[in-house]
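> Provided below are the primary sequence and the corresponding predicted coordinates.
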Amino acid sequence: MAIVGHGIDLTSVDRIREMIADHGDHFLERVFTAEERKAAAVFASDVRRAEHFAGRFAAKEAALKAIGTGWRSGIAWTDAEVVNEPSGAPSLRLHGKALEIAGALGASRWHISISHAAAFAIASVILES
């Protein structure tokens, strides 16, 4: 197996917190899938919730860097979805145009890592054939 793509992104937690405060459900529904929003609902505090969303936002950005497109070529924010495995580890699901492009690259597996703290969230995505 070979690495066919890698992406990394750093996101400001404050930026995501402000987007949620300014745009509410419109922002959340445009950027995050229903499953991603449901997973964030377990966080009682807005601080932890913003960190959670910032980590997923960074992972979405990293995924699209890994496939080499960024947010163009007809890709929607929800084409990259971060879900948790039963162990709690994050996992990436690609949909729509993002999945199509990853397939054209020969990607059959993706590896994802997310970390966040009070100020920033970072994510790395590696595509493997």
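Thanks, I have the structure now. Small disclaimer: the values here were computed from a predicted structure and weren't measured.
> Quick check: buried residues in the longest helix belonging to the chain?
As assigned by DSSP state H, the longest helix anywhere in the chain is helix 46-66. Residues 49-66 are the ones in helix 46-66 that count as buried (16 or more other CB atoms under 10 Å). Bear in mind the C-beta positions are built from the backbone N, C-alpha and C, glycine included.
> pLDDT wise, what is G7 at?
Listed pLDDT for G7 reads 97.
> and if you look at S45?
Reported pLDDT for S45: 87.
> Please determine how far it is located from R17.
11 Å (CB to CB, to the nearest Å).
> what's the answer for G7, then?
Distance from G7 to R17, by CB to CB: 23 Å.
> Same check on I8?
For I8, the distance to R17 - CB to CB - is 22 Å.
> What of F32?
Counting by CB to CB - F32 and R17 are separated by 14 Å.
> who's more crowded, those two?
F32 (22 against 17; other CB atoms under 10 Å).
> What's the per-residue pLDDT of that one here?
Reading off the model, F32 has pLDDT 98.
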